[in-house]
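S.K.: what follows is a predicted structure for the sequence shown.
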Amino acid sequence: MKRITILTGHYGSGKSEIAVNLALQKKLNTLVDLDVINPYFRSRSLYEMLNKHGIDVIESTIENASGSDLPFISSRGSRPFVNTDLMAVYDLGGTRHGAKLMKQFDAFTTNSEEIDFLMVVNIYRPETETVEKIMTAIDDIESASQLRITGFINNSNLMEYTEPSMILKGQEILESVGKIKNLSIKYTCVEEHVECHETFLGETIILRRYLAEKALAIGGKYGKR
Amino acid sequence: MAKVLMKGNEAMALAAIKGGCDAFFGYPITPQNEIPEYLSYHMVNEGRVFVQAESEVAAINMVYGAAGAGARVLTSSSSPGIALKQEGISYLAGSELPCVIISVMRGGPGLGGIQPSQGDYNQITRGGGNGDYHLLAFAPESLQETVDIVKQAFDLADYYRNPVIIAVDGLIGQMMEPVDIDKEVPKMKLDPKNWAAEGKSGERGSRNTIVSLHLDPYDLEKHNLKLKKKYDEMIQKEQRYEMINMENAEVAIVAYGTVARIARSAIETLKEEGINVGILRPLSIWPFPRKAFNELPESVHSLLTVEMSLGQMNQDVHLADKCRHNIEFYGRAGGVVPEPQEIVDAVKKIVRGRN
């Protein structure tokens, strides 16, 4: 794993849940939440729990005003690029609008060998359901961020309706995109409740939905309905 | 059709397109911005109309104009934005114009906050606009139910020639859930819009006019009584609700939207502790499902209204129950979502109080 992982993708692709899981499982010491788009379900809402695990949360709201929706980037946001002791995951807002925030860091990111810029894809999100749509999304994000995507995270799922075959279908579509774009799958996410014996491309992350659990306050498997 | 994973606001926007929405007029406000954002490109791709107006007031008056011309029109906003639209909403109801309004509620009053709330129950069911009018109002609890009701809303608005409002709290707007966007919903038989001012008076030989001004009081009263007839029909036909786990329940929780979901978790916990609790879940909040209160089993001794407000729907619960039960209330406000355990504790307090 590179020292810095930056997560991008469509909104609702699972970036924030993955950022939290990566930070905890890979024992990173910094989570930078640069989501200036979402008003709810932001990784910074878990800062207390993350702090307890020794993870510093750098966030994009004014301190003590986490309920605000003022787009605000902390100057601490660039710290992981400078301080090589930091192992960080960046959680961007969705689409090109969230990705363009990376532009301000291009002095640090250009030609850096320490950064993975990974695109999270769930093919069950209608905006990224086909090879063509994913290709367009890549172009959008790369032109807005001025940063090359270096790999995929396959997060294809339908929450409690997820079956291993769906993850494999996501893998197949991402492999097709990867052939054209010369990109590979770095991680595959499997939600913890999914019964699964298959193996997938890249490293498998068992995903717990910390944010959904907290925000929906319904515990367990997204509440019983 | 297969399920896809969608965010609430996005799913509502797509459902509107599927429901035959011809035009959208709106103005951004958190936490419903994904609705105009989604429609801003998808409506255009579909060859339909999307306008970001200069204000909420402008948007609702554009709705008035387009609805008057016979189009299927949508607007969406959140609490303070819906407040700004109230004048136009009253005019739409007065002029008998159909439209669909999506209200994604946040904490109030005033600018309030951006976290989820149900604090606009009175605004929606009592009307912030002037005069004797009602909105047909639905408050779904899941994205599938939301999608289904948004699609039906356009038919219902046309049928009654009245605005229909879909009221959800911010959480439903922002949460992700799998939905089948093409699930069949009941279709209504609708008359052609012979009343629309669509610019064809030459062909027709007479002019269609749309007004809410009736200076003769007897004339206006007649109009009011005509509107009332429609509202009476809605009360007859549109009371929608769900009774959950009512068999042998000793307490019935009355809750809608996100709170009903949380109550579902709470009654599971209570069941494990030997306390049988049901949920009376209104889907229509106007008309309020008074019928449901006649269906409560005799085992129920108390009702517990739970809301993300400080007791707005609870007034309707009192009116509907007609003093048949002991009624208690538990509410959180300002954007705070109750936890299942809080509801569990509130139920236990009632049960303990009786033993």
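M.R.: That came through, no problem. Numbering: from 1, shown residues only, chains lettered A, B, ... in the order given.
S.K.: which residue, neighbours along the chain excluded, lies closest to B:G94?
M.R.: Once flanking residues are discounted, B:G94 sits nearest to B:S212: 3.4 Å by CB to CB, 6 or more residues apart in numbering or on different chains. All C-beta atoms are positioned from the backbone trio N, CA, C, and that covers glycine.
S.K.: tell me the pLDDT of the one you found.
M.R.: On pLDDT, B:S212 comes in at 94.
S.K.: what is the burial count for it?
M.R.: B:S212 is flanked by 17 other residues according to other CB atoms under 10 Å in any protein chain shown.
S.K.: show me the contacts for it.
M.R.: With contact set as CB atoms under 8 Å, 6 or more residues apart in numbering or on different chains, B:S212 has these partners: B:90-91, B:94-95.
S.K.: how does it look with 7 Å?
M.R.: If you count contacts by CB atoms under 7 Å, 6 or more residues apart in numbering or on different chains, B:S212 has them with B:91, B:94-95.
S.K.: and those residues as TSV, adding secondary structure and neighbour count?
M.R.: As requested, those are exported to TSV (DSSP: H, G, I helix; E, B strand; the rest coil; neighbours: other CB atoms under 10 Å in any protein chain shown):
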residue	secondary structure	neighbour count
B:Y91	helix	22
B:G94	helix	22
B:S95	coil	17
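S.K.: nearest to chain A: which residue in chain B?
M.R.: Of all residues in chain B, B:Q174 sits closest to chain A, with a separation of 4.1 Å (CB to the nearest CB).
S.K.: quick check: the gap between B:K237 and B:F154.
M.R.: Here B:K237 is placed at a distance of 17 Å from B:F154 (CB to CB, to the nearest Å).
S.K.: how about B:G205?
M.R.: Between B:G205 and B:F154 the distance is 30 Å, computed by CB to CB.
S.K.: what of B:G311?
M.R.: To B:F154, B:G311 is 33 Å away according to CB to CB.
S.K.: which secondary element of chain B has the worst mean pLDDT?
M.R.: helix B:201-204 (a mean of 88; mean pLDDT, DSSP states H and E).
S.K.: quick check: buried residues in the next helix or strand after that one?
M.R.: Where DSSP states H and E defines the elements, the next helix or strand beyond helix B:201-204 is helix B:217-237. Buried positions in helix B:217-237, judged by neighbour count with 16 or more other CB atoms under 10 Å in any protein chain shown: B:220, B:223-224, B:227, B:230-231, B:234-235.
S.K.: and which of these is nearest B:V150?
M.R.: Taking CB to CB as the measure, B:V150 lies nearest B:M234 of the buried residues of helix B:217-237, at 17.8 Å.
S.K.: which residues sit in contact with the closest one?
M.R.: Each residue near B:M234 by CB under 7 Å, 6+ apart is listed here: B:136, B:160, B:287.
S.K.: looking at B:G205 and B:F154, which has the bigger crowd around it?
M.R.: Between B:G205 and B:F154, counted using other CB under 10 Å, the more crowded position is B:F154 (25 against 7).
S.K.: what sits against the nearest residue to the more buried one once chain neighbours are set aside?
M.R.: Nearest residue to B:F154, sequence neighbours excluded (CB to CB, 6+ apart): B:G19, at 4.3 Å. For B:G19, the contact set (CB under 7 Å, 6+ apart) comprises B:150-151, B:153-154.
S.K.: same question for B:T258.
M.R.: B:116, B:141, B:169, B:171-172, B:337.
S.K.: so it is in which element?
M.R.: Assigned by DSSP H and E, B:T258 belongs to helix B:257-272.
S.K.: which strand or helix spans B:H318?
M.R.: For B:H318, the element it lies in under DSSP H and E is helix B:313-321.
S.K.: show me how far that helix is from its chain's centre.
M.R.: Centre-to-centre, helix B:313-321 and its host chain are 17 Å apart (CA atoms, centre = their mean, to the nearest Å).
S.K.: and that helix, what does it pack onto?
M.R.: Helix B:313-321 sits against strand B:302-307, strand B:326-331, with contacts defined as 3 or more CB pairs under 7 Å, 6 or more residues apart in numbering or on different chains; DSSP states H and E.
S.K.: immediately after the last one, which helix or strand?
M.R.: By that I understand strand B:326-331. Reading on from strand B:326-331 to the C-terminus, the next helix or strand found by DSSP H and E is helix B:340-354.
S.K.: which residues does that following helix contact?
M.R.: A:217-219, B:250-251, B:253, B:262-263, B:265-266, B:269-270, B:275, B:277, B:301-302, B:304, B:306, B:328, B:330.
S.K.: where in chain A is pLDDT low?
M.R.: When residues are selected by pLDDT under 70, those of chain A lie in A:61-68, A:216-225.
S.K.: ok, now with 90
M.R.: A:35-47, A:59-75, A:110-111, A:160, A:193, A:212-225 (pLDDT under 90).
S.K.: next SSE downstream of the longest helix along it?
M.R.: In chain A, taking DSSP state H as the definition, the longest helix is helix A:164-181. Moving toward the C-terminus from helix A:164-181, the next helix or strand (DSSP H and E) is strand A:185-191.
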